[in-house]
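Enquirer: Predicted structure and sequence below. I'll ask about it afterward.
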Amino acid sequence: MSADGAPRAKWLLAVAGVVLAIVVAVLAVVYRAVVGDDDGPQFAPVQVAEGFPPVLPPSFEGPSAATSAPRPPKLSPSSSREPSRVAGPARGKPITDYSACSTGRTVIFKATFAEVFAYRHVFIDTDADPKTGFAVPESGSGFGADFMIENDVLYRSTGTDWAWAEVEGVTPLAGATGLTYRWQLQPGYGVGDVVFSGSDGETTEELYTPVVPVRGC
């Protein structure tokens, strides 16, 4: 190479370097104008239509304790119900299948009660005189009870009001099957007419049967 060629080569290399630097600078400016200053690519934000709530991502924490707890089983109507006291006739007929008969040696009284009454009465009119003995209400033409059986005790009337004296040594109750009761007395205590009655002992209401004459068994 000649002495004049060496300086020319150096000058060409310097010019090429300057041109390359300018090109790199221009490309950098263009890149920043297009891409932006952030490192990652830029995207326009998505606009949510007005009136619609944003959709949230699902939670991966699992169901809460409130939703995962098992529900108690529902009770059937029959299991929530309490049982009735006693099955029997309707309230309109609280005393049924009542009767009074005499064998000549024993007078037998029988009645079926629809409810568990606290007091079961058998009123006995032995002289057919409504002016003597306890005046039984709702007896129609009048009924004077000279004797009364209350549950398993026999009483003698001492007046027209509620006045009684116990007859000692007599146990009238002969037996009971369910709510059907059977009493028996000697003829001296049981001839005449009879009225059966039931009372709960808590109210003034007392339920009576019609007058039943004592007939032969």
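Expert: Received, thanks.

Enquirer: What's the first helix or strand after the lowest-mean-pLDDT helix or strand in the chain?
Expert: Least confident element among the helices and strands of the chain, by mean pLDDT, DSSP states H and E: helix 77-80 (a mean of 34). Elements were assigned by DSSP states H and E; along the chain past helix 77-80, the next helix or strand is strand 95-102.

Enquirer: The next helix or strand after that next one - contacts with which helices or strands?
Expert: Toward the C-terminus, strand 95-102 is succeeded by strand 107-113 as the next helix or strand (DSSP H and E). Secondary structure elements in contact with strand 107-113, counted by 3 or more Cβ pairs under 8 Å, 6 or more residues apart in numbering; DSSP states H and E, are strand 95-102, strand 119-125, strand 180-185, helix 187-190, strand 193-199. Yep, even glycine has a C-beta here, placed from its N, CA and C like the rest.

Enquirer: now the ones you listed in CSV, with distance to Tyr208?
Expert: What follows is the helices and strands packed on strand 107-113, written out as CSV (distance: least, Cβ to Cβ, whole Å):
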stretch, distance to Tyr208
strand 95-102, 8
strand 119-125, 8
strand 180-185, 16
helix 187-190, 18
strand 193-199, 5
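
Enquirer: any idea which of those scores lowest on pLDDT?
Expert: Among the helices and strands packed on strand 107-113, helix 187-190 carries the lowest mean pLDDT, at a mean of 87.

Enquirer: Just the CA atoms of it, as CSV, please.
Expert: Backbone C-alpha positions of helix 187-190 (Å, rounded to 0.1, in the frame of the first residue of the first chain) are rendered in CSV as follows:
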residue,chain,number,x,y,z
PRO,A,187,-130.0,-53.9,95.0
GLY,A,188,-130.6,-51.6,98.1
TYR,A,189,-128.2,-49.1,96.7
GLY,A,190,-128.8,-49.5,93.0
